[in-house]
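A.B. asks: Just need the structure, nothing else, for what follows:
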Amino acid sequence: MTKINKLFVGLLALVATTSLSFAQGAPWPSRPIKFIVPFAAGGPTDGASRHITARLEKALGQPIVVENVAGQGGGIGASRLARSEPDGYTIGLVHVGTQAINPAVYPNLNYDPLTDFASIARIYEFTNVLVVNANKPYKSLAELIKAAKDSPEKINFGSAGVGSSNHLSGAMLGSVTGTKFVHVPYRGAAPAMTDLVAGNVDFMFDVLLTSKPFLDDGRIRALAVTSQRRMVQLPDVPTVAETIPGFEVVGWAGIAAPRGVPASIVARLTGEIEKILKEQETLDRFGVWGFDTRYGTPDEFTALVRKDHALWGPVVRAAGARLEQ
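C.D. replies: Just a heads-up that it's a prediction; the model follows:
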């Protein structure tokens, strides 16, 4: 073979190798990643997301830009996540509201929680606390239920809005006990808690983070928690199930990507997130927010979404919480 022919063959090999490299693309991740949080900045869900992403970007060696997309109970952000390119450069937080409750509440969701996402990992669970104004006479859940049965539609409860987990916790309590409570929806949990503290509503279900300051200063009283086990932070407060066997309302959150993201990227993210959730700082920080760190594999997280998707539909319908818009 002449020198010219050898040179020509060498150039062909170089072109073929370069073309293959471009076809395969740069190793993931080779540029910043977007992380969608479907709620406003500043709340505990946002805080948990930023805690995870700060550690994840160190593990991956690329910046992660958090984008807060609030609205429709998290549905607008979840829709944006579902419609993103499945290339691993857009991931985000999803939770019980976006994946299990919203489909029954909003008829015009622009995503299907069962088919439009690739589960990456469940990251935490949270429990609602049933709290009453300290000046109300109810000292136990049984007393509250008896008062409501003795005076139907006289006992009211506040919530963060129609279809929120604290609304549906109250609706489920009324349904399983045959009790008629009056629902008073607010534009968020904070104004509902303000009215509870002022004595304008009788009770509400709320997360521990926003309840605890008022519990600590004695302005509200905790009657029960909605998990199957008592909360570590409130060991003397019974579960609802201790009065109503089988009752349980546990929220959760996890990380997902658009459907079709490569399995190798999911595996990398899942492995790194599992490590982060084992860190003591994560356990401590989530505990302050009232979250129980609960890692779940992609398969486990997918199964949880399907289970709660089936659970909440009947509750929403019974509560009349569907919004026809």
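
A.B. asks: And the residue nearest the centre of this protein?
C.D. replies: The centre of the chain sits closest to H95, judged by CA atoms, centre = their mean, with a distance of 2.6 Å.

A.B. asks: wait, isn't it in contact with A253?
C.D. replies: Yes: if you go by CB atoms under 8 Å, H95 and A253 touch, sitting 3.8 Å apart. (Glycine included, C-beta is placed from N, CA and C.)

A.B. asks: which residues do these two both contact?
C.D. replies: T45 (CB atoms under 8 Å, 6 or more residues apart in numbering).

A.B. asks: Now do stretch 218-231: distance to the chain's middle.
C.D. replies: 20 Å (CA atoms, centre = their mean, to the nearest Å).

A.B. asks: ends of it, how far apart?
C.D. replies: End-to-end distance of stretch 218-231: 19 Å, with CA to CA, to the nearest Å as the criterion.

A.B. asks: Repeat that for stretch 149-167.
C.D. replies: Taking CA to CA, stretch 149-167 runs 19 Å from one end to the other.

A.B. asks: From the chain's centroid, how far away is it?
C.D. replies: Counting by CA atoms, centre = their mean, stretch 149-167 comes out at 22 Å from the chain centroid.

A.B. asks: can you pull the buried residues of it?
C.D. replies: 155-167 (16 or more other CB atoms under 10 Å).

A.B. asks: do the same with stretch 263-280
C.D. replies: Applying 16+ other CB under 10 Å to stretch 263-280 flags I265, V266, R268, L269, T270, E272, I273, I276, L277 as buried.

A.B. asks: Now do that stretch, average pLDDT.
C.D. replies: Here stretch 263-280 scores 98 as its mean pLDDT.

A.B. asks: How about residues contacting it?
C.D. replies: Contacts of stretch 263-280 (CB under 8 Å, 6+ apart): 28, 52, 55-56, 59-60, 88, 91, 118, 120-121, 123, 255, 257, 282-283, 293, 295, 297-298.

A.B. asks: For ChimeraX, write a command that selects the buried ones of those.
C.D. replies: In ChimeraX syntax, the buried subset of the contacts of stretch 263-280 is picked out as below (16+ other CB under 10 Å):
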select :28,52,55,56,60,88,91,118,120,121,123,255,257,282,293,295,298
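
A.B. asks: Which ones among the contacts of stretch 263-280 lie within helices?
C.D. replies: I52, R55, L56, A59, L60, T282, L283, P298 (DSSP state H).

A.B. asks: Could you name the helices and strands sitting against the helix or strand containing K146?
C.D. replies: Element membership for K146, per DSSP states H and E: helix 141-150. Judged by 3 or more CB pairs under 8 Å, 6 or more residues apart in numbering; DSSP states H and E, helix 141-150 is in contact with strand 117-133, helix 165-177, strand 220-225.
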